[in-house]
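[1] Here's a sequence, model it:
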Amino acid sequence: MAEENHTMRSEFFLTGFTDHPELKSLLFVVFFAMYLITMVGNLGLVILISKEDHLHAPMYIFLGNLAIVDSCCACAITPEMLGNFFSENRMVSLCECMAQFYFLCTVETADCFLLAAMACDRYVAICNPLQYHTMMSKKLCIQMNTGAYIAGNLHPMIHVRLLFRLAFCGSNHINHFYCDILPLYRLSCVDPYVNELVLFIFSGSIQVFTIGGVLISYFHVLFTIFKMKSKEGRVKAFSTCASHFLSVSLFYGSLFFMYIRPNLLEEGDRDIPAAILFTIVVPLLNPFIYSLRNKEVITVLRKILKKKRFHESWKQMTSTVT
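    This next block holds a predicted model:
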């Protein structure tokens, strides 16, 4: 009888970051600038890789797909978050919540597998350079990318299906800046133990499997680097690997803290910093970490800029002559 007296919820209110007008304006400018840089950096990298035949090697195919996934992650979260800074109506339906979680979970799961595939690619390139083209063929590269997207779509299906066993009553305030699965568990008036257990098992398995691949690959890479005779080569290779590993550590560390920690259903004030890291900061950093430290990408960019300057100067010359 007590349950029947509860009002069942089908809409939820996103509390966001703050209700202070001054802070809202400042945060809006900061996150909007980060969003623009993220989209320009990632989509620019995708266009550059797709247009340049020289960059159609497996490493750049992985990098292009990572840039696509990071762009999708930014699109899944940031536009709605920016709109909610100044919106009076921050209500979202349960279906919209599920759709947002499904899309975000898809891209984040694909991201995990792509990072593991990129680490394996670097392992083969550095530790077995003579066998690289036979071991890491374009066919295998396409299969690994396809597998990442398939796994990305299958994973959220399990959790979204289990959401239908829950019922929501009482408070409808989601203490977050987007609609994630954990705040929904906290608002459920049905015990979400099964959902929490399945989330822990599947998310934990995916993250342990992929980060295991990353760590093993980088361990072998570092071992090979330390055996290099050239000190300059060692420093350069170690610097590149360190920057890559920083991005991977931020991504996996925030995901682990978010979904694999004990007592997942405790009040989620600590969820927001971790969520900012893997949904906003990492997609912003990745194109700079993976491309601006890459000689071939920089060389292609310089060629494009030189061509552009040449065409502009040629147009100015022809216009003055005419």
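
[2] What separation is there between the residue nearest the centre of the chain and Gly253?
    In the chain, the residue lying closest to the centroid (Cα atoms, centre = their mean) is Asp70, at 4.5 Å. For Asp70, the distance to Gly253 equals 17 Å [Cβ to Cβ, to the nearest Å]. Where C-beta positions appear, they are placed from N, C-alpha and C, glycine not excepted.

[3] Ok, Ile225 next?
    For Ile225, the distance to Gly253 equals 23 Å [Cβ to Cβ].

[4] Among those two, which residue is more densely surrounded?
    Each of Ile225 and Gly253 had its neighbours counted (other Cβ atoms under 10 Å), and the higher figure belongs to Ile225 (19 against 14).

[5] from what I can see the more buried one touches Val235, true?
    No: here Ile225 lies out of contact with Val235, judged by Cβ atoms under 8 Å, at a distance of 9.3 Å.

[6] what comes up buried for stretch 201-221?
    For stretch 201-221, a neighbour-count test (16 or more other Cβ atoms under 10 Å) marks Phe202, Ser203, Ile206, Gln207, Thr210, Ile211, Gly213, Val214, Ser217, Tyr218, His220, Val221 as buried.

[7] same question, stretch 10-22
    Along stretch 10-22, the positions that meet the burial threshold by neighbour count (16+ other Cβ under 10 Å) are Phe12, Leu14, Thr15, Gly16, Phe17.

[8] Can you lay out those as JSON lines showing pLDDT?
    As requested, those are exported to JSON lines (pLDDT from 0 to 100):
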{"residue": "Phe12", "pLDDT": "91"}
{"residue": "Leu14", "pLDDT": "90"}
{"residue": "Thr15", "pLDDT": "87"}
{"residue": "Gly16", "pLDDT": "83"}
{"residue": "Phe17", "pLDDT": "85"}
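
[9] could you dump these to JSON lines with secondary structure?
    Below are the buried residues of stretch 10-22 laid out as JSON lines (DSSP: H, G, I helix; E, B strand; the rest coil):
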{"residue": "Phe12", "secondary structure": "strand"}
{"residue": "Leu14", "secondary structure": "strand"}
{"residue": "Thr15", "secondary structure": "coil"}
{"residue": "Gly16", "secondary structure": "coil"}
{"residue": "Phe17", "secondary structure": "coil"}
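
[10] Now stretch 182-201: buried residues?
    If you call a residue buried by 16+ other Cβ under 10 Å, then stretch 182-201 has these buried ones: Leu182, Pro183, Leu184, Tyr185, Leu187, Ser188, Pro192, Asn195, Glu196, Leu199.

[11] returning to that earlier point: helix or strand: which one has the residue nearest to the centre of the chain?
    Counting by DSSP states H and E, the element that carries Asp70 is helix 58-84.

[12] Look at the closest residue to the residue nearest to the centre of the chain other than its chain neighbours and say how many residues are nearby.
    For Asp70, ignoring the flanking residues on the chain, the nearest one in space by Cβ to Cβ, 6 or more residues apart in numbering is Pro283 at 3.6 Å. Neighbour count of Pro283, defined by other Cβ under 10 Å: 30.

[13] in what helix or strand does Pro283 lie?
    According to DSSP H and E, Pro283 maps onto helix 282-291.

[14] contacts for that helix?
    When contacts are defined by Cβ atoms under 8 Å, 6 or more residues apart in numbering, helix 282-291 is touched by residues 34, 37-38, 41-42, 44-45, 63, 66-67, 70-71, 73-74, 243-244, 246-247, 250-251, 254, 297.

[15] Can you dump the C-alpha atoms of that helix in CSV for me?
    This file holds the C-alpha atoms of helix 282-291, laid out as CSV (Å, rounded to 0.1, in the frame of the first residue of the first chain):
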residue,chain,number,x,y,z
VAL,A,282,40.1,13.5,-22.5
PRO,A,283,38.3,14.1,-25.9
LEU,A,284,39.8,17.7,-25.8
LEU,A,285,43.3,16.4,-25.1
ASN,A,286,43.5,13.4,-27.4
PRO,A,287,43.9,15.1,-30.8
PHE,A,288,46.8,17.2,-29.4
ILE,A,289,48.4,14.3,-27.6
TYR,A,290,48.2,11.9,-30.5
SER,A,291,48.6,14.2,-33.5
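
[16] the helices in the stretch 101-250 of the chain, which residues?
    Counting by DSSP state H, counting those that start in this stretch, residue ranges of the helices within the stretch 101-250 of the chain are 132-135, 138-163, 181-187, 193-226, 231-259.

[17] Which pLDDT value goes with His159?
    Here the pLDDT value assigned to His159 is 95.

[18] So what does Asn175 look like in phi/psi?
    phi -80, psi 70 (degrees, to the nearest 10).

[19] Apart from its chain neighbours, what residue comes closest to it?
    What sits nearest to Asn175 in space, not counting adjacent residues and going by Cβ to Cβ, 6+ apart, is Thr15, at 5.3 Å.
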